[in-house]
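[1] Give the three-dimensional model of this entry:
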Amino acid sequence: MAVTPVAQVSAHGTVGTGKTRLHGDLAVGDDVTRTEPVEHPGDRLGEGLRSHPRTLVPCRRVHVVADDSPSGSRPPPQDLHHRCVVITGASRGLGSALAQRAAQLGATVAGCARSRPDPSLTLGATVDVGDHGAVNNFAASVVRRLGPIHLWINNAAVIDPLGPLRDRSEGDVTRILDTNVAGVWNGTVAFLRHRREQGGSGALVNISSGVALRASAGTGLYSASKAAVDRLTEATALEEADQGIDAWAIHPGVVDTAMQTSLRTADPADFPRAAEFQQLADLNAFNTGSYVADWLFAIAFDPRYRPPSVVWRLPDERTRPSAPPLGAVDAEPAR
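    Numbers count the residues shown, from 1 in each chain. This is a model prediction of the structure:
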């Protein structure tokens, strides 16, 4: 039975919130096999629900990663021959980088976007991920033409318009939640139903963001949507563990994309942290798309690089000697 890794292990050998210890001493980088059930952090549904029974799931082969993983700790490239990878939001930015890297590593790559997808794709389609029927039709087309899907990456997202919540319209809310939340749900459901029909294992990666954990003024709807992505992914991991299907919500760090450009050039009245993101650009303190891709493919296909928790932030590719602390806005907009 494939089991979701659920325990965060720090350099001090602690698990989850640091209140539970594994048996014996652990070194950072160790693989840990645990047979007893452990509490999933996502099962703490709030301080007011202490009487609710907590779900327990078993955990296997947890790769112990320090909370302060060193910069530049890049996994080796994966051999993706005979693998089919699907990427949403694949027209440019992070989605395009993921598609290009997957193709370089030998994968059969299918992608969709609102505009023309990356030309490196084996199969590309113009799809609104907020349209449930369109996503299902796209998934069916991929399976029919390319075969079983091994990895599905929900990358499509939108952040604009920036600004205070009081200035947002009903249309703004609908657009962001349709793409960032319903879009992830649509892709997740299409992939899960396909894998269950095939009777095999698979990997789901949802691109999330640091603002899921800490909001920034001016990005309230985006922050809320990414928090929803994290919770949807945790639920998926719990529900699909017995099917051999793994699910992760990955915070990729700050990647230099069109979304980042919009943030650092924003009016400070709409996004007060614009200068901080400009400082990151001045320091060239970004994660590259190929670096993020190598991590995602290692997470999906190499047990040594399974994250210690369902929701996990990638280590930074480069050291940021003087960069400000960020609840970073990480993902790439849909096209």
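
[2] what about residue 316, how many residues close to it?
    Using other CB atoms under 10 Å, residue 316 has 20 other residues around it. In short, each C-beta sits where N, CA and C put it, glycine included.

[3] Kindly report the same for residue 73.
    Neighbours of residue 73 (other CB under 10 Å): 14.

[4] per-residue confidence for the closest residue to it other than its chain neighbours?
    Nearest residue to residue 73, sequence neighbours excluded (CB to CB, 6 or more residues apart in numbering): residue 315, at 5.3 Å. pLDDT for residue 315: 93.

[5] any idea how far residue 315 lies from residue 115?
    Distance of residue 315 to residue 115, given as CB to CB, to the nearest Å: 32 Å.

[6] Over to residue 282?
    In terms of CB to CB, residue 282 sits 30 Å off from residue 115.

[7] same thing with residue 241?
    36 Å.

[8] distance of the spatially closest residue to residue 136 that is not a sequence neighbour from residue 302?
    Leaving aside its sequence neighbours, residue 136 sits nearest to residue 190 (CB to CB, 6+ apart; 5.2 Å). Here residue 190 is placed at a distance of 25 Å from residue 302 (CB to CB).

[9] Between the two, which has more neighbouring residues?
    Neighbour tally, residue 190 and residue 302, criterion other CB under 10 Å: the higher count belongs to residue 190, 23 against 13.

[10] doesn't that one fall inside a strand?
    No - the assignment for residue 190, made by DSSP: H, G, I helix; E, B strand; the rest coil, is helix rather than a strand.

[11] OK, contacts around it?
    135-136, 138-139, 152 (CB atoms under 8 Å, 6 or more residues apart in numbering).

[12] Next: residue 229.
    So residue 229 contacts 154, 180-181, 184, 206-208, 212, 249 (CB under 8 Å, 6+ apart).

[13] try 10 Å
    154, 157, 180-181, 183-185, 188, 206-209, 212, 249, 311, 331 (CB atoms under 10 Å, 6 or more residues apart in numbering).

[14] quick one, strands of the protein?
    Under the criterion DSSP state E, the chain contains strands at 14-15, 20-21, 31-39, 56-63, 84-88, 108-113, 123-126, 151-154, 202-207, 245-251, 311-313.

[15] shouldn't residue 153 be in contact with residue 102?
    Yes - with contact defined as CB atoms under 10 Å, residue 153 reaches residue 102; the gap is 9.0 Å.

[16] Common neighbours of the two, please.
    85-87, 90, 111, 293, 296-297.

[17] I'd like to know which of those is nearest to residue 97.
    Comparing the shared contacts of residue 153 and residue 102 against residue 97 with CB to CB picks out residue 293 as the nearest, at 6.1 Å.

[18] Distance check, the closest residue to that closest one other than its chain neighbours against residue 291.
    Leaving aside its chain neighbours, residue 293 sits nearest to residue 101 (3.6 Å; criterion: CB to CB, 6+ apart). Per CB to CB, residue 101 is found 9 Å from residue 291.

[19] now swap in residue 185 and tell me
    28 Å.

[20] Which residue of those two possesses the greater neighbour count?
    residue 291 (23 against 19).

[21] isn't residue 239 right up against residue 247?
    Yes - in terms of CB under 10 Å, residue 239 counts as a neighbour of residue 247; the distance is 8.8 Å.

[22] can you count the residues close to the closest residue to residue 228 other than its chain neighbours?
    Among residues not flanking residue 228 along the chain, residue 181 sits closest, at 4.8 Å (CB to CB, 6+ apart). Counted with other CB under 10 Å, the neighbours of residue 181 add up to 19.
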